[in-house]
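>>> after the sequence you'll find the predicted model.
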Amino acid sequence: MSAAADPQAALRDFVKTHDFFVGIDSDGCVFDTMEVKHKECFIPNIIKYFGLAAVSKYAREAAEFVNLYSKHRGINRFPALTGALDLLERRPEVQRRGVKIPELRGLRDWIARESKLGNPVLKAEVERTGDPDLTLCLKWSEAVNQTVGEIVHNVPPFPMVRESMEALKGKADVMVVSATPVEALTREWEEHDLAQYVGLIAGQELGSKKEHLGMAAGGRYAPDHILMVGDAPGDRKAAEANGVLFYPINPGFEEQSWQRFHDEALPRFFNGTYAGAYMAERIAEFEALLPEHPPWESAS
């Protein structure tokens, strides 16, 4: 089977050259792109394609909470879309306006049965089924990618990212582990000359973050020699599902997090003192920053 027919072959064929492995998320972790992508690219297209102009304020708040300011931060765009619509539908202000929120049953069914939640697989499903929900969601997702391509440029990595990459060089195999499309990831990592530091750029077309870590690193490195670096609970869950270590880049405190990674966490990872109390402290700080329920529901 060719790589085109089996994109996950790139994960299975990942070449081990060192005893340590580090997986690193991209949006909001390496690059300060989460806010601009969601507020300027994703959300305007949600309002446009799903007919939400009458409740645009609430649609924006719901989508920003899911994608940026909650425990759902960083999840794949399609579950994030249904999650935002669910929040929106529950808001009394929206109900009083009588605006019908699309259910997108076709999308929900597809999410339930598919792990590679990217445009190529969705496009094939649209061609196979002609499902109107999936057709609309593909148009939305393609529009998002186009808008990202038009808007998101010249966003440099956070301070201390490049220094951290240099510190990893020659000691660990590094891979991008992301739910963003590979094309956008490659453009951003190459634009800022960071692609040179990584052995593979894995995006949504290659499956979930859990699959990225499991297929590229699982069984090849000792579990305590595998570290996932990310800014979202999904990154932590991917690490936990594979029995490996996690270092959080705290939303709102990214610069401090990278400084500490470079100065403290990375040396500890290499000398075997990262796991245990130190990692537990980092994760507790991280978890406290991201609520499960939005303020308008918590208040009620």
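Good, I have the coordinates.

>>> what helix or strand is the most far-flung residue of the chain relative to its centre on?
Going by CA atoms, centre = their mean, the residue of the chain most distant from its centre is Arg96, 33.8 Å out. Using DSSP states H and E, Arg96 falls within helix 92-97.

>>> got the buried residues for the helix or strand following that helix?
Counting by DSSP H and E, the element after helix 92-97 in chain order, helix or strand, is helix 105-113. The neighbour-count check on helix 105-113 (16 or more other CB atoms under 10 Å) flags 106-108, 110-111 as buried. Every C-beta, even on glycine, is put in place using the N, C-alpha and C of the backbone.

>>> kindly report the same for stretch 130-145.
131, 133-138, 140-141, 143-145.

>>> which of the buried residues of helix 105-113 sits closest to Ala63?
Checking the buried residues of helix 105-113 against Ala63 with CB to CB, the nearest one is Leu107 at 15.2 Å.

>>> packing partners for the longest helix along the chain?
What stands out as the longest helix in the chain, according to DSSP state H, is helix 132-151. For helix 132-151, the elements it packs on are helix 43-49, helix 77-90, helix 105-113, helix 119-129, helix 182-191, judged by 3 or more CB pairs under 8 Å, 6 or more residues apart in numbering; DSSP states H and E.

>>> off-centre distance for that helix?
On the basis of CA atoms, centre = their mean, to the nearest Å, helix 132-151 sits 17 Å off its chain's mean C-alpha point.

>>> got the contact list for that helix?
Outside of helix 132-151, the residues within contact range by CB atoms under 8 Å, 6 or more residues apart in numbering are 36-37, 40-42, 44-46, 48-50, 77-78, 81, 102, 104-107, 110, 119, 122-123, 125-126, 181, 183-184, 187.

>>> quick check on those residues: which are buried?
Applying 16+ other CB under 10 Å to those flags 37, 41-42, 44-46, 49-50, 77-78, 81, 102, 104, 106-107, 110, 119, 122, 125-126, 181, 184, 187 as buried.

>>> and the strands in the stretch 201-300 of the chain?
226-230, 245-248 (DSSP state E, counting those that start in this stretch).

>>> report the mean confidence score over the longest one.
Just to be clear, that refers to strand 226-230. Strand 226-230 shows a mean pLDDT of 98.

>>> now swap in the shortest one and tell me
Strand 245-248 comes out with an average pLDDT of 98.

>>> which helices and strands sit right next to that strand?
strand 226-230, helix 233-241, helix 277-287.

>>> which residues touch Tyr58?
Applying CB under 8 Å, 6+ apart, the residues near Tyr58 are 88, 91, 93-94.

>>> related to what we said a few turns ago, got the helices and strands packed on strand 245-248 as JSON lines, with distance to Glu61 and mean neighbour count columns?
JSON lines is the format used below for these (distance: least, CB to CB, whole Å; neighbours: other CB atoms under 10 Å):
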{"stretch": "strand 226-230", "distance to Glu61": "25", "mean neighbour count": "27"}
{"stretch": "helix 233-241", "distance to Glu61": "20", "mean neighbour count": "21"}
{"stretch": "helix 277-287", "distance to Glu61": "23", "mean neighbour count": "14"}
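
>>> what's the closest of those to Ser298?
Checking the helices and strands packed on strand 245-248 against Ser298 by CB to CB gives helix 277-287 as the closest, at 16.4 Å.

>>> starting at the chain centroid, how far to the closest one?
20 Å.

>>> chain center to stretch 185-200, what's the gap?
Stretch 185-200 sits 16 Å away from the centroid of its parent chain (CA atoms, centre = their mean).

>>> gap between the two ends of it?
Terminal residues of stretch 185-200 are spaced 11 Å apart (CA to CA, to the nearest Å).

>>> buried stuff in that stretch?
185, 187-189, 192, 194, 197-200.

>>> ok, stretch 283-300 next?
For stretch 283-300, by 16+ other CB under 10 Å, it's 283, 286, 290, 294, 296.

>>> quick one: the nearest residue to the last one once chain neighbours are set aside and Asp173, what's the gap?
The shortest distance from Trp296 to any non-neighbouring residue, by CB to CB, 6 or more residues apart in numbering, is to Arg91 (6.8 Å). Taking CB to CB, to the nearest Å as the measure, Arg91 and Asp173 are separated by 46 Å.

>>> who has more neighbours, the two?
More crowded of Arg91 and Asp173, by other CB atoms under 10 Å: Asp173, with 24 against 19.
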